[in-house]
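1. Make a model of this:
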Amino acid sequence: MATLVINAERSEVRTAAEWLHQVASQFEVPQNKAIVLDQCLDEVLMNIVMHGGTSAIETPVELAFTSTQGTAEITVSDSGKAFDPVNAPAKPRPSSLEDAEPGGLGLSIIRGLSNRLNYQYKNGRNVLTFGVSI
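-> Below is the predicted model:
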């Protein structure tokens, strides 16, 4: 297992991505799977930064990477507003290009790319784990 603590700031998203690729290499996670984890992590962290509220910004975000036989997972823990991405409704698809608005696809990206997705709210923190088969 490897861990990292960052602040809920846009600049820290790059720090987290660099950490993830270093750790994934250390644990011999195939590069294509590390890229998938990175895409999911980027979406999760940007959602925390943009929608987590004051409590998310004031308290560090904790990241944990684990790799077991056949799976690589990241757990993200933050103290932002409680939000369950596993059970939240997906954004409806626009009926036309004119109706399309930028953004709002993060949940679809995370759900579509990860093989495992688990959420809990405990001790005042969102705890989201996502993983891929390796």
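
2. and the longest helix anywhere in the chain, what does it pack onto?
-> Secondary structure of the chain per DSSP state H: the longest helix is helix 31-51. Counting contacts by 3 or more CB pairs under 8 Å, 6 or more residues apart in numbering; DSSP states H and E, helix 31-51 is packed against helix 10-26, helix 54-58, strand 61-68, strand 71-78, helix 106-113, strand 125-133. In this view, the C-beta of every residue, glycine as well, is placed from N, C-alpha and C.

3. and the fifth one with strand 125-133, angle?
-> Computed with axes from the mean of the first three to the mean of the last three CA atoms, to 10 degrees, the direction of helix 106-113 lies at 40 degrees from that of strand 125-133.

4. do the same with the first one
-> Here helix 10-26 runs at an angle of 40 degrees relative to strand 125-133 (the same axes, to 10 degrees).

5. which other helices and strands contact helix 10-26?
-> Against helix 10-26 (3+ CB pairs under 8 Å, 6+ apart) you get strand 2-6, helix 31-51, strand 61-68.
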